[in-house]
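# Whatever this is, show me its structure:
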Amino acid sequence: MDVKLTGTVKQVLEEQTGEGRNGPWRKQEFILETEGDYPKEVCIVQWGEKIEELGVKEGERLTVHVDIQSREYGGRWYTDVKAWRVERQAGAAPSGPPPAEEPFPAPSDPGALDDDLPF
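Sure, this is the predicted structure:
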């Protein structure tokens, strides 16, 4: 299943490291704010070499391909949204409504507005 989220990186969190039964590990999370009428903030994790490979930076507009995985530990369930691919979007996300268009195009001849209409 290929899940894609598009939005703007709001924050890149500190890298975390540790030691597990399979050896040392590294992870870094970032917060992606999705687009649309009801934007959501999603915490996405990058593991190991993906941290440098993806090179996520605050303020970037991205489409992130993620895997969603849950695991049980001690009777509780934990879910990760793991990034495995990033596509950078050209330009910034629009911050408001599109600019209003003029109701009539401007005339190419400025003298065209000098007519003898009474209004």
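# show me where the chain has strands.
3-12, 16-20, 23-34, 41-47, 61-73, 76-88 (DSSP state E).
# Pull up the pairing partners for the first one, direction included.
Using DSSP bridges, the strands paired with strand 3-12 in its sheet are strand 23-34 (antiparallel), strand 61-73 (antiparallel).
# tilt between that strand and strand 41-47?
Here the directions of strand 3-12 and strand 41-47 differ by 90 degrees (axes from the mean of the first three to the mean of the last three C-alpha atoms, to 10 degrees).
# Let's see the helix or strand of the chain with the lowest mean pLDDT as CSV, backbone CA atoms only.
One helix or strand of the chain scores below all others by mean pLDDT, DSSP states H and E: helix 50-54, with a mean of 89. Output in CSV follows, covering the C-alpha atoms of helix 50-54 (Å, rounded to 0.1, in the frame of the first residue of the first chain):
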residue,chain,number,x,y,z
LYS,A,50,17.0,7.7,5.4
ILE,A,51,17.8,10.7,7.6
GLU,A,52,20.6,11.9,5.3
GLU,A,53,19.1,10.3,2.2
LEU,A,54,15.8,12.2,2.5
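# What is the end-to-end distance of stretch 68-80?
Across stretch 68-80, the terminal residues are separated by 6 Å (C-alpha to C-alpha, to the nearest Å).
# List the buried residues of it.
For stretch 68-80, a neighbour-count test (16 or more other C-beta atoms under 10 Å) marks residue 80 as buried. Every C-beta, even on glycine, is put in place using the N, C-alpha and C of the backbone.
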